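# Please find the sequence and the predicted model below.
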Amino acid sequence: MWYYGKNVIRTHAKNGSQMAWAIISGVLGNAWLSITPAAPDGVTNVHMILTTALANNRLVDVLIVNNQITQATLQ
């Protein structure tokens with residue numbers, strides 16, 4: 001399900017492959033959501049979008065599938 005015009009509250013990443021998470025305002029009770037596109041580069045790209053939004057107070061559109069962030073767009 002797509003969520004539009006949301007604020008990124010926090011992001012987190014570890015140095016392992018595909019280990020990144022974010023909290024998106026108003027999505028699933030503000031829980032930590034895993035960033036899990038199909039490829040490791042996809043995890044990096046989505047994490048960069050969410051981190052850029054957080055750092056610059058920008059909104060994002062996010063696609064949540066099975067309680068995981070699979071796509072994001074910076075507004």
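Noted; the coordinates are in hand.
# what about the strands in the protein?
Secondary structure of the chain (DSSP state E): strands at 2-13, 20-24, 33-35, 59-65, 68-74.
# will you turn these into TSV that also has mean pLDDT, mean neighbour count and distance to Ile49?
No exception for glycine: its C-beta is placed from N, CA and C like everyone else's. Compiled in TSV, the strands of the chain are given as follows (pLDDT from 0 to 100; neighbours: other CB atoms under 10 Å; distance: least, CB to CB, whole Å):
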stretch	mean pLDDT	mean neighbour count	distance to Ile49
strand 2-13	97	15	9
strand 20-24	96	22	10
strand 33-35	95	20	10
strand 59-65	97	17	7
strand 68-74	96	18	4
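# Which stretch among the ones you listed approaches Thr44 most closely?
Thr44 lies closest to strand 20-24 among the strands of the chain, at 7.8 Å (CB to CB).
# Packing partners of the closest one?
strand 2-13, strand 33-35, helix 40-55 (3 or more CB pairs under 8 Å, 6 or more residues apart in numbering; DSSP states H and E).
# got the contact list for that strand?
Identification of contacts with strand 20-24 by CB atoms under 8 Å, 6 or more residues apart in numbering yields 3, 6-14, 30-35, 43-44, 46-47, 50, 60, 62, 69.
# do the same with stretch 50-58
7-11, 22, 24, 35, 59-60, 62, 69, 72, 74-75.
# how about the residue lying closest to Ile49 once chain neighbours are set aside, what does it touch?
Nearest residue to Ile49 in three dimensions, chain neighbours excluded: Ala72, at 4.5 Å (CB to CB, 6 or more residues apart in numbering). Going by CB under 8 Å, 6+ apart, Ala72 touches Val46, Ile49, Leu50, Val60, Asp61, Val62, Leu63.
# same thing with Val43?
Ser17, Gln18, Met19, Ala20, Ile35, Thr36, Pro37.
# which of those tops the neighbour count?
Within the contacts of Val43, most neighbours by other CB atoms under 10 Å means Ile35, with 26 neighbours.
# And Gly16, how far from Val43?
Going from Gly16 to Val43 by CB to CB, to the nearest Å gives 10 Å.
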